[in-house]
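K.L.:
Have a look; sequence and predicted model below, questions after that.
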Amino acid sequence: GMTYKAAMARLKLGGGKAVIIGDPRKQKSPELMQSMGRFVEQMGGRYITAEDSGIAVSDIKLMAQNTQHVSGVSAKYRYDGGEADGNPAPSTAYGVFVGLQATVKYR
């Protein structure tokens, strides 16, 4: 799905995913996130990691200690009085809302 979204937006990026195999309740640690950052850095910019299911903005900030190839560690706007931390959920929700509005208007 992300590759198609990127293509429709005419971005020069694809839609890769990274997976850290393990039980996040038992094995997720700052050291593991920093190790992932070192791995991403070895990709030399061919891969940019960001927050997703099971990975929080705080995890991305740990990865960013070892790579510059991260996205979503900060945001311009905040919602609900919280910190503007790069969490994409508010923007995603707004996009869905606007899409539904356009759908209803079209109908």
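P.N.:
Done, it's in.
K.L.:
Return the set of buried residues in stretch 84-104.
P.N.:
Buried positions in stretch 84-104, judged by neighbour count with 16 or more other Cβ atoms under 10 Å: 85-87. Placement of C-beta: from N, CA and C, glycine included.
K.L.:
avg pLDDT for it?
P.N.:
Stretch 84-104 shows a mean pLDDT of 88.
K.L.:
Stretch 64-72 too?
P.N.:
Stretch 64-72 comes out at a mean pLDDT of 94.
K.L.:
by contact count, what packs against the longest helix along the chain?
P.N.:
Determined from DSSP state H, the single longest helix within the chain is helix 89-106. Counting contacts by 3 or more Cβ pairs under 8 Å, 6 or more residues apart in numbering; DSSP states H and E, helix 89-106 is packed against no other helix or strand.
K.L.:
And that helix, how far out from the chain middle?
P.N.:
20 Å (Cα atoms, centre = their mean, to the nearest Å).
K.L.:
contacts for stretch 16-30?
P.N.:
The contact list for stretch 16-30, computed with Cβ atoms under 8 Å, 6 or more residues apart in numbering, reads 2, 32, 36, 40, 47, 49, 52, 54, 59, 62.
K.L.:
now do 7 Å
P.N.:
32, 36, 47, 49, 54, 62 (Cβ atoms under 7 Å, 6 or more residues apart in numbering).
K.L.:
Please identify the buried residues of that stretch?
P.N.:
By 16+ other Cβ under 10 Å, the buried positions in stretch 16-30 come out as residue 28.
K.L.:
so what's residue 68 closest to, chain neighbours aside?
P.N.:
Using Cβ to Cβ, 6 or more residues apart in numbering and skipping the chain neighbours, the partner closest in space to residue 68 is residue 41 (7.6 Å).
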